[in-house]
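Trainee: what's the 3D shape of this:
(2 chains)
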Amino acid sequence: MNGHSILKYVFFDIIRNKWLVIYTAVLFALCSGIIYLSRDETKSIASILNIVLIIVPLVSIIFGSMHFYNSKEFIQMLLTQPVKRSAIFKAEYTGIAISLSFGFIIGAVTPLLFTGISKAIFLLLFAGIFLSLIFSAIAFYFSISIDEKVKGIGILLFLWLFFSVLFDGIILLFYLMFSDYPLEKFTIFFTLLNPVDISRIMIILNLDLSALLGYTGATFLKFFGSASGLIITIVSLCLWVIIPVFLANKKFKRKNF
Amino acid sequence: MIKISRLNKTYNKLKALDNVDLFFEKGEIVALLGPNGSGKTTLLKSILGLVLPESGDIFVNGKNIKRDFRYREMIGYMPQTASYPENLKVEEVLKIIKDIRNKKEYEDELMKELKIEEMYCKKINALSQGMKQRLSAALTFLFDSDIIILDEPTAGLDPASADYLKMKILKEKTKGKLIIVTTHIISEVEELADRFIFMHEGRVKIEDGIDKLKVQNNGFRKSISNLFKEYEWS
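Mentor: Okay, the predicted model is just below:
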């Protein structure tokens, strides 16, 4: 019933946070720089994509977990008020997710708009927002579950490294080891297990830049035409938001503060 | 007013609450005593719904609080240490809580006595620990709740505010409220409480009136510290 007033103030608190401003400014500087240096629009989107795929999950994870750990005592205080636990969770998560998405839109998408509007920019916007939502939900899940700040952030950083770097390496290794077998379907399945890869493929499929595809992406491109591929990527991205949010909310409801 | 029956809570195999049965009446001030880690805070947090016990029930005004949140309208709580969103102003924090409580009348006198008005425009991260304590003291009494729960209320407060708080506690009692306090300061127990509950390793060891101890020949202070010593060594 009073979730809105909490959300409003969570939001006010976050947008005055200097790290969010720094994040937005750095993204803006990087993206404008890339656009300025390379005159080719496709190339600059591809470069920005690579930056976005690294920075957005990292910042979402760190920012989300720091916010939770820092406001734990205030959350405790809110929990002693006549409000539902899930209302507080919703307010906190929505506040973080909206702020991070705004930071991303202003930092990465607005510089691109000066080069003109294209489908790829729209998809980049879409992917960045999804990555912000997904990784802040994952951050919430782990910071709710783990009381020690250092341990929680450590695990989250490892997860980030896993999704950004290790995952593709493991798939490649897997592929080399079993190169005699038809593994295309497995690869597609594995890819859906990594939101970073899903976002990458979704955009590259629409950029016609097969040179930039990882091994995972190449198979993906072969199997799905861009139309059905897009539907599958959107569905799996949605699941990647819904499942961590659901699990985090469940944890939050049963947590001992 | 509050009835607790067979309450159990375990943290990593450590019994924080062990079959606790208690009853709190209207219009009394109860001091919750015990060494560190005896389960006082866990007990208070269970009443507030912050900690979810494994078994047992808590009834506030006859209603089981399991899966309920509305009963917290009746409770004002002051935690040991409070923290508020760093980037908000005091005024805004007050507004959030007021919005949530949705009550029309406030105890404005509190704001003057605890000198909250003069820090309205300050940001939370510019407040000292004592100022934050004053703010949470004000928030506790602001809504004229029937049950007041204070966890070491005077620990970080300046003498003037601490005195005001004690006076306020006694005044609220006369309005028929229930006040539960944890503290390590024995003189406070003597001044304020009608009854005390001594906890040790999650169990209620002694539940008694204050007056009884006062008349004992070695005095109240001595009796309480003997109590602590006795259980510390057992």
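Trainee: worst-scoring helix or strand of the chain, pLDDT-wise?
Mentor: Here I'm looking at chain A. Within chain A, no helix or strand scores below helix A:215-223, which has a mean of 61 by mean pLDDT, DSSP states H and E.
Trainee: meant chain B, my bad for not saying
Mentor: Going by mean pLDDT, DSSP H and E, chain B bottoms out at helix B:210-215, a mean of 70.
Trainee: wait, doesn't residue A:52 sit right on residue A:124?
Mentor: Yes: between residue A:52 and residue A:124 there is a contact under Cβ atoms under 8 Å: 6.7 Å. Heads up, the C-betas are built off the backbone N, CA and C, glycines and all.
Trainee: Quick check: neighbours shared by the two?
Mentor: Shared contacts of residue A:52 and residue A:124 (Cβ atoms under 8 Å, 6 or more residues apart in numbering or on different chains): residue A:108.
Trainee: in chain B, which spans are strands?
Mentor: For chain B, the strands defined by DSSP state E cover B:2-11, B:14-24, B:29-33, B:55-60, B:63-64, B:75-78, B:147-151, B:178-182, B:195-200, B:203-209.
Trainee: ok, of these, where does mean pLDDT dip lowest?
Mentor: Mean pLDDT per stretch puts strand B:203-209 lowest among the strands of chain B, at a mean of 82.
Trainee: Which strand residues bridge the residue nearest to the spatial centre of chain B?
Mentor: Nearest residue to the geometric centre of chain B (Cα atoms, centre = their mean): residue B:150, 1.9 Å. Beta-bridge pairing of residue B:150 under DSSP bridges involves residue B:78, residue B:181.
Trainee: do you know how far it is from residue A:60?
Mentor: Noted for residue B:150: a distance of 39 Å to residue A:60, by Cβ to Cβ, to the nearest Å.
Trainee: One more: residue A:23?
Mentor: From residue A:23 over to residue A:60 (counting by Cβ to Cβ), the distance is 10 Å.
Trainee: what's the answer for residue A:42, then?
Mentor: Taken as Cβ to Cβ, the span from residue A:42 to residue A:60 is 26 Å.
Trainee: more crowded one of these two?
Mentor: The neighbour comparison of residue A:42 against residue A:60 (other Cβ atoms under 10 Å in any protein chain shown) goes to residue A:60, with 29 against 13.
Trainee: for the more buried one, what are its contacts?
Mentor: So, once contact is read as Cβ under 8 Å, 6+ apart, residue A:60 ends up touching A:100, A:131, A:132, A:134, A:135, A:136, A:139.
Trainee: Could you do residue B:111 as well?
Mentor: B:117, B:138.
Trainee: And residue B:19, by the same measure?
Mentor: B:6, B:7, B:8, B:56, B:203.
Trainee: who wins for most neighbours among those?
Mentor: Result: residue B:7 is most packed of those (other Cβ under 10 Å), 24 neighbours.
Trainee: Can you add distance to residue A:161 and give the strands of chain B back as a markdown table?
Mentor: Compiled in a markdown table, the strands of chain B are given as follows (distance: least, Cβ to Cβ, whole Å):
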| stretch | distance to residue A:161 |
| --- | --- |
| strand B:2-11 | 32 |
| strand B:14-24 | 35 |
| strand B:29-33 | 47 |
| strand B:55-60 | 42 |
| strand B:63-64 | 47 |
| strand B:75-78 | 41 |
| strand B:147-151 | 40 |
| strand B:178-182 | 44 |
| strand B:195-200 | 46 |
| strand B:203-209 | 47 |
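Trainee: among the ones you listed, which is nearest residue A:176?
Mentor: Closest approach to residue A:176 among those (Cβ to Cβ): strand B:2-11, 47.4 Å.
Trainee: tell me which residues of the closest one are tucked away?
Mentor: B:2, B:4, B:7, B:8, B:9 (16 or more other Cβ atoms under 10 Å in any protein chain shown).
Trainee: Pipe these into a markdown table and attach distance to chain A per row.
Mentor: Shown next, in a markdown table, are those (distance: Cβ to the nearest Cβ, whole Å):
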| residue | distance to chain A |
| --- | --- |
| B:2 | 15 |
| B:4 | 17 |
| B:7 | 13 |
| B:8 | 13 |
| B:9 | 8 |
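Trainee: quick one, what contacts the nearest residue to residue A:254 once chain neighbours are set aside?
Mentor: With Cβ to Cβ, 6 or more residues apart in numbering or on different chains as the criterion, residue A:254 has its nearest non-adjacent residue at 6.5 Å, and that residue is residue B:52. Shown in contact with residue B:52 (Cβ under 8 Å, 6+ apart): A:254, A:256, B:46.
Trainee: what about the spatially most central residue of chain A, distance to residue A:68?
Mentor: Nearest residue to the geometric centre of chain A (Cα atoms, centre = their mean): residue A:131, 1.7 Å. Distance, residue A:131 to residue A:68, by Cβ to Cβ: 18 Å.
Trainee: One more: residue B:41?
Mentor: Taking Cβ to Cβ, one finds residue B:41 at 21 Å from residue A:68.
Trainee: What of residue B:193?
Mentor: 37 Å.
Trainee: now swap in residue B:152 and tell me
Mentor: From residue B:152 to residue A:68 the distance is 25 Å (Cβ to Cβ).
Trainee: Who has more neighbours out of these two?
Mentor: residue A:68 (24 against 20).
Trainee: Check the gap between the closest residue to the more buried one other than its chain neighbours and chain B for me.
Mentor: Nearest non-adjacent residue to residue A:68, counting by Cβ to Cβ, 6+ apart: residue A:143, 4.0 Å away. Per Cβ to the nearest Cβ, to the nearest Å, residue A:143 is found 16 Å from chain B.
Trainee: related to what we said a few turns ago, next, the buried residues of the very next helix or strand once past the least confident helix or strand of chain A.
Mentor: Toward the C-terminus, helix A:215-223 is succeeded by helix A:226-254 as the next helix or strand (DSSP states H and E). Of all the residues in helix A:226-254, those buried under the rule 16+ other Cβ under 10 Å are A:229, A:232-233, A:236-237, A:240-241, A:244-245, A:247-249, A:251-252.
Trainee: how about the closest residue to chain B within the stretch 51-200 of chain A, what does it touch?
Mentor: Closest contact between the stretch 51-200 of chain A and chain B, by Cβ to the nearest Cβ, is at residue A:73 (3.9 Å). By Cβ under 8 Å, 6+ apart, the contact set of residue A:73 is B:79, B:81, B:82, B:83.
Trainee: now do residue A:47
Mentor: A:34, A:38.
Trainee: so for the strand or helix carrying it, what's the average pLDDT?
Mentor: According to DSSP H and E, residue A:47 maps onto helix A:41-70. Here helix A:41-70 scores 91 as its mean pLDDT.
Trainee: And that helix, what's buried?
Mentor: Buried, per 16+ other Cβ under 10 Å, within helix A:41-70: A:41, A:43-49, A:52-53, A:55-70.
Trainee: Only the C-alpha atoms, please, for stretch B:194-207, written as CSV.
Mentor: Listed next in CSV are the C-alpha coordinates belonging to stretch B:194-207 (Å, rounded to 0.1, in the frame of the first residue of the first chain):
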residue,chain,number,x,y,z
ASP,B,194,8.5,-2.2,36.9
ARG,B,195,9.7,-5.7,36.1
PHE,B,196,12.8,-7.3,34.7
ILE,B,197,13.5,-10.4,32.6
PHE,B,198,16.9,-11.9,32.8
MET,B,199,18.0,-14.0,29.9
HIS,B,200,20.9,-16.3,29.5
GLU,B,201,21.8,-18.4,26.4
GLY,B,202,18.4,-18.0,24.9
ARG,B,203,16.4,-18.9,28.0
VAL,B,204,14.4,-16.8,30.4
LYS,B,205,16.2,-17.4,33.7
ILE,B,206,14.5,-14.9,36.0
GLU,B,207,11.3,-12.9,35.7
